[in-house]
Each structure stands twice: as structure tokens, then as C-alpha cells.
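In: Coordinates only, no sequence provided:
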């Protein structure tokens with residue numbers, strides 16, 4: 001039997017074979033007309049309680065991250081599947097859903113495409129994040145539904161091309177179930193959070209998800225798989241030019257870039273530094289369905305990269321905080337601070353049964369340890385954590401611990417502390 005502090009304490013553990021969610025599920029239709037959409041809006045307005053929401057994209061198939069299906073469920077109304085490209089404006093639905101809680105699973109994955117069509121929640125309950133905070137060991141929707149509701153939810157179509165038309169019926173049933181289970185799941189996870197005294201923590205984390213600014217990468221081409229194989233600025237310049245050419249073409253075709261020419265093919269071409277279009281075409285590792293069909297495009301990029309008067313640095317622009325493995329040599333004081341603080345934060349995360357990355361992001365702790373404030377008292381650490389975006393509950397839990405860890409790191413015996 002679990003102890004009171006165990007993540008499984010108070011949780012309903014399934015002791016029988018789970019119910020298969022899609023067994024005998026009614027047929028589901030996609031709403032793709034204004035008339036059908038407005039009727040669905042009226043039905044949802046007549047329901048009660050929060051709205052369960054999900055969106056399906058075509059990641060890995062299309063360039064855009066737009067929603068190709070939006071699912072909405074509300075108790076007393078039923079489930080409705082909308083075809084965003086066919087419907088157009090969602091203003092009426094947004095008005096009905098305003099001032100109400102929205103339930104999503106892994107909200108950060110869907111908020112951008114929902115906002116793109118004018119659906120922007122004011123309050124969310126994220127069942128994936130809530131499950132993490134509650135201490136569940138695995139937080140995928142299918143796993144959590146089976147453990148807390150005793151329902152087996154197949155995830156066979158999670159990586160499907162949702163831009164496909166018409167959508168197969170088994171895909172639609174899968175999409176409907178993704179939202180039909182969310183209200184019950186929200187209730188169970190809410191109970192677990194309240195029992196653990198984490199309700200306020202969850203509210204702050206859910207609010208932070210809505211306020212999170214989108215990540216803007218200064219050099220997105222550096223995320224090419226296999227880029228570490230390139231050793232010279234000139235090779236990197238060619239890789240950068242090839243990435244830009246592929247990205248522009250992928251956007252024009254609305255096709256995922258990797259489906260045109262894989263990352264490793266671009267890196268292979270940059271590493272080879274071909275001297276002619278013929279040499280580029282002869283590269284065995286330069287593959288992909290558009291590798292030969294658009295050979296002129298890729299060769300132009302190779303020429304541009306070869307002639308680039310300002311090739312990129314091998315090390316990259318960075319953000320001023322090097323990898324922790326380099327700290328012992330570059331900044332021993334920061335290295336000791338990080339190790340002491342990380343140990344204290346890890347211990348507190350274990351006590352709270354909250355994942356380490358949720359009690360404080362590793363990036364925040366690294367930045368704080370690398371460039372701490374002049375005032376390293378609990379109040380000074382609290383102010384710096386606030387500046388770095390930490391939530392009030394995180395600051396309350398950690399400001400004193402981190403301050404004490406930084407003081408300990410200044411002691412003569414701190415150099416022998418264990419690796420972080």
C-alpha cells in the first residue's frame with residue numbers, strides 16, 4: 001500500500017481490464033459548413049462546465065503548424081469536430097467559450113494553432129502538466145486515462161497526416177475520444193492535486209503556459225541533425241545556405257522540409273563542399289525526393305555558401321552561458337554554485353514529488369548560478385528568480401535553498417562537492 005507521500009496515494013488504480021474507449025463508438029462527422037458550424041456553436045452554448053479542446057496538425061507532412069481539425073467537447077452538448085480551413089472564422093465559437101475554463105492535454109502543443117484561428121483561452125487546465133505536478137510517473141494521455149479512468153485509449157493516429165481529406169472514420173473516432181475523456185480526467189487529476197496540496201501550484205503553472213512567449217531561435221539552421229560533423233566556418237556557411245533554400249521551398253510547397261531533402265543530406269553536401277553541380281549530383285549521401293528535381297536550387301545555395309563573405313562561427317553566437325561541463329575550467333565559482341544549488345533543488349523536488357524540470361527549469365538555474373545577483377540573500381535570489389520568470393510558488397520554495405547553497409559554495413570544502 002502506498003505511503004501518504006507517494007504519488008499513487010489516493011489514486012484510483014485500475015485492478016481490472018480497462019474498457020476499450022473506441023468499442024462501439026458512434027460514427028463521427030466532420031463539420032465543414034458554416035451552417036453546421038453555427039448549429040454546433042449553439043449546442044455548445046447550451047452545455048455546461050468547461051470545454052475540452054484538442055487540435056490535430058500535420059507535423060512531419062506540412063510546413064505549416066496550422067490546425068487541420070479542432071475538437072471541442074462539453075458536457076450536455078457532445079463532441080464536435082471542426083474543419084478549420086473549410087469553416088474560416090471561429091469568432092462565434094470564441095465568444096461562447098470566453099470566460100470558461102478550457103481543458104487541454106499538453107496545451108503548449110496546441111495553443112499556437114488555436115490562436116491562429118482566433119481561439120484563445122483565458123483559463124486552462126492542462127491534464128498533462130497537472131499529471132506531472134501530481135507526481136504521476138507517465139503522463140501521456142493514453143497512459144493517464146488508463147490508470148485514472150480505467151479506459152484504454154489507442155493512440156494509433158497521433159502522427160497521421162491530418163491534412164488528408166476525407167478523414168477516415170477511425171481517425172475521427174480517435175480525435176473525438178481525445179476530448180471526450182478530458183473532463184473526467186480533469187476531475188481526477190484535480191482531486192490528486194488538491195489532496196497533495198498542489199492546487200495553487202497547478203493554477204500558477206497553467207497561467208504561465210498562457211503567458212509563455214513563443215521561442216524565437218536566432219540561428220534555427222543550427223538545429224540541423226548531424227551539424228556537429230561540420231568543422232569549418234565554410235562548411236557551416238554552405239549548410240546555412242542549404243537550410244535557407246530548403247526552408248523557403250518547403251514553405252512555398254507547404255511540405256515538411258525533411259520530406260524534401262533530409263537534414264543529413266544537407267550536412268553531407270556541406271561537408272563535401274562540391275566544386276560543381278555535377279559533383280553535388282554525384283554525392284550518394286545527398287538524397288531526398290527533391291534532391292535531384294530541384295538540383296539547380298541546391299547548387300545555387302552551395303555557391304552562395306561558398307562565396308559568403310561572413311561565414312558563421314563554429315561555436316555559434318550562444319547566449320553567454322556555456323555548457324555546464326565547461327564551467328569547472330572557465331568559471332570554477334559558478335561550477336560550485338551550480339552543483340550545490342542543483343543538489344538542493346533536486347532534494348526539494350523529490351520531497352514535493354514534482355519533476356525537477358517543473359520545480360525550476362535547468363536553464364533558469366544555470367543562468368542564476370553563472371551570473372548571480374550581487375545580493376545573494378534569499379531576498380536577492382527571489383528578485384533574480386522573478387526576473388528570470390520563476391513563478392511565485394517556485395520562488396517561495398527555492399529562494400532560501402538556493403541562497404544557502406550559494407553561501408555553502410563559497411566555503412573552502414565546496415570544491416569537493418559531487419557532480420551536478
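Out: Now that the structure is in, tell me what you want to look at. In this text the structure is predicted, and so the values were computed from the model without any measurement.
In: So, low pLDDT: which residues of the chain?
Out: For the chain, the stretches with pLDDT under 70 are 1-23, 317-319, 413-420.
In: All the strands of the protein, residue numbers only.
Out: 19-20, 30-31, 51-56, 69-74, 78-82, 101-104, 123-126, 151-152 (DSSP state E).
In: want to try JSON lines for those, with mean neighbour count and distance to residue 215 as columns?
Out: To be clear about C-beta, it is placed using only N, CA and C from the backbone, and glycine gets the same treatment. Listed next are those as JSON lines, based on neighbours: other C-beta atoms under 10 Å; distance: least, C-beta to C-beta, whole Å:
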{"stretch": "strand 19-20", "mean neighbour count": "12", "distance to residue 215": "38"}
{"stretch": "strand 30-31", "mean neighbour count": "19", "distance to residue 215": "32"}
{"stretch": "strand 51-56", "mean neighbour count": "26", "distance to residue 215": "19"}
{"stretch": "strand 69-74", "mean neighbour count": "24", "distance to residue 215": "23"}
{"stretch": "strand 78-82", "mean neighbour count": "21", "distance to residue 215": "28"}
{"stretch": "strand 101-104", "mean neighbour count": "24", "distance to residue 215": "19"}
{"stretch": "strand 123-126", "mean neighbour count": "21", "distance to residue 215": "18"}
{"stretch": "strand 151-152", "mean neighbour count": "18", "distance to residue 215": "34"}
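In: Export those strands to a markdown table and append columns for distance to residue 265.
Out: Shown next, in a markdown table, are the strands of the chain (distance: least, C-beta to C-beta, whole Å):
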| stretch | distance to residue 265 |
| --- | --- |
| strand 19-20 | 42 |
| strand 30-31 | 37 |
| strand 51-56 | 29 |
| strand 69-74 | 32 |
| strand 78-82 | 37 |
| strand 101-104 | 36 |
| strand 123-126 | 37 |
| strand 151-152 | 40 |
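In: Among those, which comes closest to residue 321?
Out: strand 123-126 (28.3 Å; C-beta to C-beta).
In: on contacts alone, who are the packing partners of the closest one?
Out: Where contact means 3 or more C-beta pairs under 8 Å, 6 or more residues apart in numbering; DSSP states H and E, strand 123-126 is packed against strand 101-104, helix 199-211.
In: Would you reformat those as TSV and include distance to residue 242?
Out: Shown next, in TSV, are the helices and strands packed on strand 123-126 (distance: least, C-beta to C-beta, whole Å):
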stretch	distance to residue 242
strand 101-104	37
helix 199-211	35
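In: Please identify the deepest-packed of the ones you listed.
Out: Of all the helices and strands packed on strand 123-126, strand 101-104 has the most neighbours on average by mean count of other C-beta atoms under 10 Å, namely a mean of 24.
In: Which other helices and strands does that strand contact?
Out: Going by 3+ C-beta pairs under 8 Å, 6+ apart, strand 101-104 lies up against strand 51-56, strand 123-126, helix 182-195.
In: how close does the nearest residue to residue 234 once chain neighbours are set aside sit to residue 226?
Out: Nearest non-adjacent residue to residue 234, counting by C-beta to C-beta, 6 or more residues apart in numbering: residue 311, 5.6 Å away. Applying C-beta to C-beta, to the nearest Å, the value for residue 311 to residue 226 is 18 Å.
In: again, but for residue 303
Out: In terms of C-beta to C-beta, residue 303 sits 22 Å off from residue 226.
In: now swap in residue 162 and tell me
Out: In terms of C-beta to C-beta, residue 162 sits 29 Å off from residue 226.
In: would you list every one of the helices in the stretch 301-420 of the chain?
Out: Using DSSP state H, counting those that start in this stretch, the helices of the stretch 301-420 of the chain run over 327-330, 332-352, 356-359, 362-370, 378-387, 392-409.
In: From the contact counts, what lies against the first one?
Out: Secondary-structure packing of helix 327-330 (3+ C-beta pairs under 8 Å, 6+ apart): helix 332-352.
In: quick one, the helix it packs on and helix 378-387 angle?
Out: Using axes from the mean of the first three to the mean of the last three C-alpha atoms, to 10 degrees, the direction of helix 332-352 lies 80 degrees away from that of helix 378-387.
In: circling back: ok, residue 162 and residue 226, which is more surrounded?
Out: residue 162 (21 against 16; other C-beta atoms under 10 Å).
In: Tell me if I'm right that the more buried one and residue 69 touch.
Out: Yes - if you go by C-beta atoms under 8 Å, residue 162 and residue 69 touch, sitting 5.4 Å apart.
In: where do the contact lists of these two overlap?
Out: Contact with both residue 162 and residue 69 is made by residues residue 56, according to C-beta atoms under 8 Å, 6 or more residues apart in numbering.
In: For burial, what's the neighbour tally of the residue nearest to residue 234?
Out: Using other C-beta under 10 Å, residue 311 has 16 neighbouring residues.
In: tell me the phi and psi of it?
Out: Per-residue torsions, residue 311: phi -70, psi 150 (degrees, to the nearest 10).
In: what does residue 65 give?
Out: phi -110, psi 30.
In: Give the full set of residues in contact with it.
Out: Contacts of residue 65 by C-beta under 8 Å, 6+ apart are 57, 59, 112-113.
In: Can I get those residues in CSV including neighbour count?
Out: As requested, those are exported to CSV (neighbours: other C-beta atoms under 10 Å):
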residue, neighbour count
57, 20
59, 14
112, 14
113, 19
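In: circling back to that earlier point, any idea which of the strands of the chain gets closest to residue 358?
Out: Of the strands of the chain, nearest to residue 358 by C-beta to C-beta is strand 123-126, at 11.6 Å.
In: contacts for the closest one?
Out: 50, 100-108, 186, 190, 202, 205-207, 209-210.
In: What pairs with that strand, parallel or antiparallel?
Out: strand 101-104 (parallel) (DSSP bridges).
In: Hmm, residue 159 and residue 60 touching each other?
Out: Yes - using C-beta under 8 Å, residue 60 is in contact with residue 159, at 6.6 Å.
In: contacting residues around the closest residue to residue 364 other than its chain neighbours?
Out: By the measure of C-beta to C-beta, 6+ apart, the closest residue to residue 364 outside its immediate chain neighbours is residue 388, 5.0 Å from it. If you count contacts by C-beta under 8 Å, 6+ apart, residue 388 has them with 364, 367-368.
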